[in-house]
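Trainee: Need coordinates for the below:
(one chain, ligands or ions: 2)
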Amino acid sequence: MILEVLVYPHKLLRESSKDVVHFDAQLHALLDDMYETMVIKEGIGLAAIQVAVPLNVLVINLVDEEGVQKRETLYEIINPVILEKDGSTIYQEGCLSVPGYYDEIERAEHIKIAYYDRHGNRCEAEFTDLMSIAVQHEMDHLKGRLFIEKLSYLKRKKFEKEWKKKQKAGK
Ligand SMILES: CC(=O)Oc1ccc(/C=C/C(=O)NCCc2ccccc2)cc1OC(C)=O
Ligand SMILES: [Co+2]
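Mentor: Ligands and ions are numbered 1, 2, ... in the order given. Prediction:
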């Protein structure tokens, strides 16, 4: 089912998430709901805290060359830990919890992670480019951190001003 996505500055988004212990039907339902919610809202990544579930669960599904989001390339990443990270890359990031705001964010170009799949099997994977950026962005959510917290002081001021104006216009 489609879940509600928490929007900045909702305080639950600042919570640290906890490791999954039970790889059960409830977890599978959460993963399926996160996927459906992410796709409907035209996202390519979503962390469980964004749908108010403080668990170390994230889903990422990039689009292919034709701009098609195929479920075959869906990553369901549970209890991830970073084993290696190096290099540097800058990308204009956005987030379903900060709708309509995008900014240049610097991250590691390459990362290697260990994680569990929905059945509790331990996996390892290495990523570069957009997958590497997406994994780092979503793993920040697991620590209660949003991409706007990595902005320079001045850019953050610009964001807060823009955001307030948008909220006033919205309400
Ligand atoms: C108005 C609004 O909500 O704009 C959006 C903003 C962000 C997003 C999705 C962002 C997203 O999936 N971010 C995942 C993290 C990530 C960021 C950069 C690179 C890799 C991974 C979708 C939006 O909705 C539409 C209709 O475009
Ligand atoms: Co995000």
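Trainee: I'd like the distance between Lys112 and Val135.
Mentor: Distance, Lys112 to Val135, using C-beta to C-beta, to the nearest Å: 10 Å. Where C-beta positions appear, they are placed from N, C-alpha and C, glycine not excepted.
Trainee: Comparing those two, which shows the higher neighbour count?
Mentor: Val135 (25 against 15; other C-beta atoms under 10 Å).
Trainee: just checking, that one touches Ile77?
Mentor: Yes - using C-beta atoms under 8 Å, Val135 makes contact with Ile77 at a distance of 7.1 Å.
Trainee: Residues in contact with both of the two, list them for me.
Mentor: Jointly contacting Val135 and Ile77 under the rule C-beta atoms under 8 Å, 6 or more residues apart in numbering are 58, 60, 113.
Trainee: Let me have the residues you listed in JSON lines, extended by secondary structure and distance to ligand 1.
Mentor: Below are those laid out as JSON lines (DSSP: H, G, I helix; E, B strand; the rest coil; distance: C-beta to the nearest ligand atom, whole Å):
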{"residue": "Leu58", "secondary structure": "strand", "distance to ligand 1": "10"}
{"residue": "Ile60", "secondary structure": "strand", "distance to ligand 1": "7"}
{"residue": "Ile113", "secondary structure": "strand", "distance to ligand 1": "15"}
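Trainee: quick one: which of the residues you listed has the most company?
Mentor: Leu58 (28 neighbours).
Trainee: so who does Met38 touch?
Mentor: So Met38 contacts 44-46, 59, 61, 96 (C-beta under 8 Å, 6+ apart).
Trainee: before we move on, the earlier item: now list whatever residues contact both of Lys112 and Val135.
Mentor: Phe127.
Trainee: count of residues packed around Leu83?
Mentor: 12.
Trainee: in a helix, that's where it is, yeah?
Mentor: No - using DSSP: H, G, I helix; E, B strand; the rest coil, the assignment for Leu83 is strand, not a helix.
Trainee: What parts of the protein come near ligand 1?
Mentor: Applying C-beta under 6 Å from any ligand atom, we find that the chain lies next to ligand 1 at 42-45, 91, 93-96, 99-100, 130, 133-134, 137.
Trainee: Give me the subset of those residues lying in strands.
Mentor: 45, 91, 93 (DSSP state E).
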